[in-house]
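In: Have a look at this prediction, sequence included:
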Amino acid sequence: MRRPLVAGNWKMHGSRAEIATLLDELMQVDSAKTTAETVVCPPFVYLQDAIRRLKESTIAVGAQSVCAEPIGAFTGEVSAAMLKDIGCRYVIVGHSERRALYHEDDHLVARKFVAAQSQKLTPILCVGETLEERESGRTEGVVARQLDAVLTVASVAAFADAVIAYEPVWAIGTGKNATPEQAQAVHAFIRGRISARDDKIAGGLRILYGGSCKASNAAEIFRMPDVDGGLVGGASLKSEEFGRICASA
Ligand code: PEP
């Protein structure tokens with residue numbers, strides 16, 4: 001049985017004070033009731049505040065990105081060892097905004113995945129197609145390519161301690177979510193691709209859906225057999241809404 005997971009990607013939002021308030025509200029919501037594992041991913045500079053504040057709670061903290069290199073002259077970057085050092089447990093790699101805006105290619109994403117695991121951080125690997133790729137029938141090809149890049153640099157065994165997030169680019173921040181059936185089809189494809197290499201690992205792998213996930217659509221998407229929770233952007237900045245999404249996982 002896979003334990004559902006809901007992760008909030010706060011992107012570059014919030015001030016120190018706003019994040020403190022949000023965390024306090026989330027702790028109340030979280031202790032109220034949810035079987036889902038909850039993770040929040042604040043901006044780098046607020047990670048340590050969040051980790052301290054959530055010390056007594058069950059909510060874990062993740063980073064939104066990580067450097068592929070372990071140490072050295074990489075101005076502006078943050079290493080996996082540093083994230084581990086302050087108590088981070090998860091890290092998002094390959095978010096579509098990183099791929100599109102910062103030109104992170106499949107190979108770099110794969111190296112970030114490996115860097116995270118080298119410090120026992122759990123990577124949340126984002127994959128997903130653009131609208132143009134979907135409309136030209138290339139969804140599976142794109143997702144396969146993104147997955148295979150990691151399978152080449154790491155191995156299927158690495159997915160025993162990883163999470164995948166299927167995030168169709170056309171659904172991120174657009175208010176237009178994938179239908180439960182569209183999400184299920186790609187999630188099943190992802191699980192099948194891992195299963196072709198290792199059935200047991202595929203069976204235990206958590207695959208999250210992300211893309212305009214809200215309290216009003218989460219339950220029907222999470223009900224699909226291969227959907228194990230969500231990676232939530234905008235709606236994770238509202239404690240009540242995020243709490244309802246977690247409760248529906
Ligand atoms: C995301 O940023 O990963 C995301 C899914 O955003 P949103 O929920 O706002 O579409």
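Out: Perfect, I can see it now.
In: which SS class is the spatially most central residue of the chain?
Out: Nearest to the mean C-alpha position of the chain, counting by CA atoms, centre = their mean, stands Ile124 at 4.2 Å. Following DSSP: H, G, I helix; E, B strand; the rest coil, the label given to Ile124 is strand.
In: separation between it and Ala68?
Out: 16 Å (CB to CB, to the nearest Å). C-betas here are computed from N, CA, C, even on glycine.
In: Name the nearest residue to whichever residue of the chain sits closest to the ligand, ignoring sequence neighbours.
Out: Nearest residue of the chain to the ligand, counting by CB to the nearest ligand atom: Gly233, 2.1 Å away. Distances taken as CB to CB, 6 or more residues apart in numbering place Asn9 nearest to Gly233, at 5.0 Å, with adjacent residues excluded.
In: Let me know the distance separating Leu125 from Ala219.
Out: From Leu125 over to Ala219 (counting by CB to CB), the distance is 25 Å.
In: Which one of the two is surrounded by more residues?
Out: In this view Leu125 and Ala219 are compared by other CB atoms under 10 Å, and Leu125 has more residues nearby, 28 against 14.
In: So what sits opposite the more buried one in the bridge?
Out: Val93, Ile164 (DSSP bridges).
In: Would you mark the buried spots in the helix or strand containing Ile201?
Out: Using DSSP states H and E, the element containing Ile201 is helix 199-204. With burial defined by 16 or more other CB atoms under 10 Å, the residues of helix 199-204 counted as buried are 201-202.
In: Which strands or helices does the next helix or strand after that helix pack on?
Out: Heading C-terminal from helix 199-204, the first helix or strand you meet, by DSSP H and E, is strand 206-210. The contact analysis (3 or more CB pairs under 8 Å, 6 or more residues apart in numbering; DSSP states H and E) places strand 206-210 against strand 5-9, strand 163-166, helix 180-195, strand 229-232.
In: Between the ones you listed, which one is closest to Val29.
Out: Nearest to Val29, of all these, is strand 5-9, at 11.3 Å by CB to CB.
In: Any part of the closest one near the ligand?
Out: Yes. Using CB under 6 Å from any ligand atom, strand 5-9 reaches the ligand at Asn9.
In: Perfect, I'm done here.
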